[in-house]
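S.K.: Compute the structure for the input listed below.
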Amino acid sequence: MLWLTLSLLTALAASSQDAWIKKFFSNFTLYEMAAYPFVYSLPMFLITIPFIPVPRLDATFFWCFLVSVPLNAVAFVLYIKAIRISPLSLTVPYLAFTPVFMIFTGYVFLDEMPNIWGIFGIMIICMGSYILNIEPGKWNFLSPLKAVSKETGSWLMLFVAFLFSFAAVIGKKGILHSSPFFFTISFFGVLNLFLIISLRAFGKIRIRTFRKTPLKGIIVGSLLFIHALCHGWAVSLIEAAYMISVKRLSVVIGVVYGKLLFKEENMGFRMSGALLMLVGTVIITLQGL
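M.R.: Below you'll find the model as predicted:
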């Protein structure tokens, strides 16, 4: 059951990170908004690296590492853009499609295939995401699908879910050819540096921006640090699609944050969809017991 506890902690950290970024950093540029958690979590990863034993590394580890850095960098920037321009309750839920895509990517890269009940649970999660987009008085069968095309943040997040389906399984493969903590700590150390240096080189961020709210920066950096460690440990213990499905409980938490912090509307349907996604997650969790 350790994988379940770690996956739930990952979900809580991820959703809290999203809400914190949207609440306190939306007044900055898109790229500065995206860079905040990386700037403030970088020292945490760099300080931790010397304390992590170095396992025996092979060619598979290195190609997974090299592919994961740019893949996650692109996905995260698009992720931040989605939650910046659209409501949390209409963007974050589309991450629920990641484990659906992972049915295929997990099989290709890891030779993992959920059983019939696991697939059933994943499909229920997708149904919940569908319901999230129903608008009272305007519903028809295609309404939620049309919402994807009309709401920029929604279709962006759907594409992010597709990218994460590759990132998660390639990352797990890298973990299996090293260790959960070594891959996670070293990966985020390099990813953070890569993003910060790249964004600064292209003039997308100003260093003085990150001096304005240091306490808020430390908090969001800590959330990313916790998120990363729990994710890396959890995904090493169970099928990747199952772990990511439980992690997507962040969708339910994100809907709650949307109501409490941003006064988002139409919460009846959105919460119903989120709860249906929770049912799917419970089914998946039972498969991992």
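
S.K.: going forward, measure contacts between C-alpha atoms and count neighbours the same way
M.R.: Fine.

S.K.: Let me see the contact set for Ala228.
M.R.: Thr10, Thr184, Phe188 (C-alpha atoms under 8 Å, 6 or more residues apart in numbering).

S.K.: ditto for Thr184
M.R.: Ile175, Ala228, Leu229, Gly232.

S.K.: re the thing from before, which one of the contacts of Ala228 is nearest Val74?
M.R.: Proximity of the contacts of Ala228 to Val74 was ranked by C-alpha to C-alpha; the top entry is Phe188 with 14.0 Å.

S.K.: if I read this right, the closest one contacts Phe45, doesn't it?
M.R.: Yes - the pair Phe188 / Phe45 is scored as a contact, 6.9 Å apart, by C-alpha atoms under 8 Å.

S.K.: nearest to Asp111, of the contacts of Ala228?
M.R.: Asp111 has its nearest neighbour among those in Thr184, at 21.7 Å by C-alpha to C-alpha.

S.K.: Output the contacting helices and strands for the longest helix along the chain.
M.R.: Longest helix in the chain by number of residues, with DSSP state H as the criterion: helix 59-85. For helix 59-85, the packing partners by 3 or more C-alpha pairs under 8 Å, 6 or more residues apart in numbering; DSSP states H and E come out as helix 2-25, helix 30-48, helix 152-176, helix 180-201.

S.K.: can you do 7 Å?
M.R.: Using 3 or more C-alpha pairs under 7 Å, 6 or more residues apart in numbering; DSSP states H and E, the elements in contact with helix 59-85 are helix 30-48, helix 152-176, helix 180-201.

S.K.: now for the shortest one, which elements pack on it?
M.R.: I take that to be helix 30-48. Using 3+ C-alpha pairs under 7 Å, 6+ apart: helix 30-48 touches helix 59-85, helix 180-201, helix 214-235.

S.K.: could you redo the ones you listed as a markdown table and give each row distance to Thr5 and mean pLDDT?
M.R.: Listed next are the helices and strands packed on helix 30-48 as a markdown table, based on distance: least, C-alpha to C-alpha, whole Å; pLDDT from 0 to 100:
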| stretch | distance to Thr5 | mean pLDDT |
| --- | --- | --- |
| helix 59-85 | 24 | 91 |
| helix 180-201 | 16 | 94 |
| helix 214-235 | 8 | 96 |
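
S.K.: Nearest to Val251, out of those?
M.R.: That would be helix 59-85 among the helices and strands packed on helix 30-48, by C-alpha to C-alpha, at 12.3 Å.

S.K.: what's the spacing between that closest one and its chain's center?
M.R.: 11 Å (C-alpha atoms, centre = their mean, to the nearest Å).

S.K.: I'd like the numbering to begin with 63 instead of 1 from here.
M.R.: Renumbered: residue one is now 63, and that last one reads helix 121-147.
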